[in-house]
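Participant: curious how this folds, go ahead:
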Amino acid sequence: MTDTFETLKVDNDHQIQEVAELAEIIWHEHFTPIIGTVQVEYMVDKFQSVPALKKQLADGYEYYQLFDRGEFCGYCGIHPDKGRLFLSKLYIRKECRGRHLATKAFHFLKDLCSKRGLSAIWLTCNKHNDDSLAVYSHLGFKTIDTQVADIGNGFVMDDYIMEYTV
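Facilitator: Residues are numbered from 1 along each chain as shown. Sure, this is the predicted structure:
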């Protein structure tokens, strides 16, 4: 059987809108129990709205839509950072989880690193996001630090910093 996983680089307004709409769904469903509705709404607007995505793309971020069997299942956002790749976002729709799409996206990102001469992939993950932390650990990421980042409006991101050496 051929692999049914595909990535598509986000490069137009329609794709940006699709990513923003999916972010709205995933963030409310996944993060509300962890950080609450008010912070989720603030963070979606600040980081995952159409204007926020357009600004990130203009600032050198890349977004990729993730497809399985032709279905738009998730997305990832990346940015090169001092010889490493910052994995800013990796989100999979709830009904698409369990298909190993995060693993397939991770292999795609490792390949990008190899092609671009980047030595590692690093990310931040909420300290209470147990499911995602387990996935990243399973993929071989190691916790290298912690951070509490003020994101405005009285909110902080209380995260582990994790890294995978390519």
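Participant: how about residue 60, secondary structure?
Facilitator: At residue 60 the chain is in coil, as set by DSSP: H, G, I helix; E, B strand; the rest coil.
Participant: and residue 11, how close does it get to residue 56?
Facilitator: In this view, residue 11 and residue 56 are 13 Å apart by CB to CB, to the nearest Å. Heads up, the C-betas are built off the backbone N, CA and C, glycines and all.
Participant: so which of the two has more stuff around it?
Facilitator: Remark: of residue 11 and residue 56, residue 56 carries more neighbours, 19 against 11, as counted by other CB atoms under 10 Å.
Participant: secondary structure element for that one?
Facilitator: Under the criterion of DSSP states H and E, residue 56 resides in helix 50-58.
Participant: again, but for residue 14
Facilitator: Secondary structure assignment for residue 14, by DSSP H and E: helix 13-35.
Participant: tell me which other helices or strands that helix touches.
Facilitator: Packing partners of helix 13-35 (3 or more CB pairs under 8 Å, 6 or more residues apart in numbering; DSSP states H and E): helix 37-43, helix 50-58, strand 62-68, strand 71-81, strand 84-92, strand 120-126.
Participant: out of the ones you listed, nearest to residue 154?
Facilitator: Residue 154 lies closest to helix 37-43 among the helices and strands packed on helix 13-35, at 9.0 Å (CB to CB).
Participant: mind listing what's buried in that closest one?
Facilitator: Going by neighbour count (16 or more other CB atoms under 10 Å), the buried part of helix 37-43 is 39, 40, 42, 43.
Participant: would you turn those into JSON lines with distance to residue 122 and pLDDT?
Facilitator: Output for the buried residues of helix 37-43, formatted as JSON lines (distance: CB to CB, whole Å; pLDDT from 0 to 100):
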{"residue": "39", "distance to residue 122": "23", "pLDDT": "96"}
{"residue": "40", "distance to residue 122": "24", "pLDDT": "97"}
{"residue": "42", "distance to residue 122": "24", "pLDDT": "97"}
{"residue": "43", "distance to residue 122": "20", "pLDDT": "97"}
